[in-house]
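**Q** I'll drop the sequence and a predicted model, then ask my questions.
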Amino acid sequence: MKAIWNGAVIAQSDDTVVIEGNHYFPESSLNRDYVTFSNHHTMCSWKGQASYYSLLVNGEMNTDAAWYYPDPKSEAENIKGHVAFWKGVKIDPS
């Protein structure tokens, strides 16, 4: 699986975890050249508090386009250390 935005491969892995239709990529598969800080957080009733990353590719910013759970609730322990994407990030199975 590949996560692609603005022509760049943001993450690539054969070992994603799928929850609620979202592919969670291992953090180690992130191309850190394109990932930047975000201080945005949201709360999920069963997964816990999500933190976000923004993406910066070819001078364009995609704010809060990736999320992860640094300390997920026990029901979501399998996505600890994983990152998912939205906001136009294409998930490509090739």
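**A** On my side now, so go ahead. Residues are numbered from 1 along each chain as shown.
**Q** which residue ranges of this protein form helices?
**A** Shown for the chain, no helices are assigned by DSSP state H.
**Q** any weak-confidence spans in the chain?
**A** Filtered on pLDDT under 70, the chain yields no residues whatsoever.
**Q** which residues in it form strands?
**A** Taking DSSP state E as the test, the strands found in the chain are 2-5, 8-12, 17-19, 22-26, 35-44, 48-57, 60-68, 82-85, 90-92.
**Q** out of these, indicate the one that is most buried.
**A** Across the strands of the chain, averaging neighbours per residue (mean count of other CB atoms under 10 Å) puts strand 82-85 on top, at a mean of 24. C-beta: built from backbone N, CA, C; applies to glycine.
**Q** dump it to CSV, restricted to CA.
**A** Taking C-alpha atoms only, strand 82-85 is exported to CSV below (Å, rounded to 0.1, in the frame of the first residue of the first chain):
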residue,chain,number,x,y,z
HIS,A,82,0.6,3.6,13.0
VAL,A,83,-0.5,6.6,10.9
ALA,A,84,-3.6,7.1,8.7
PHE,A,85,-4.3,9.7,6.1
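**Q** partner strands of that strand, with direction?
**A** Sheet pairing for strand 82-85, assigned by DSSP bridges, gives strand 22-26 (antiparallel), strand 60-68 (antiparallel).
**Q** partner residues bridging the closest residue in space to Cys44 that isn't next to it in sequence?
**A** Here the nearest residue to Cys44 in space, its sequence neighbours aside, is Ala50; by CB to CB, 6 or more residues apart in numbering that works out to 6.3 Å. On the basis of DSSP bridges, Ala50 is bridged to Thr42.
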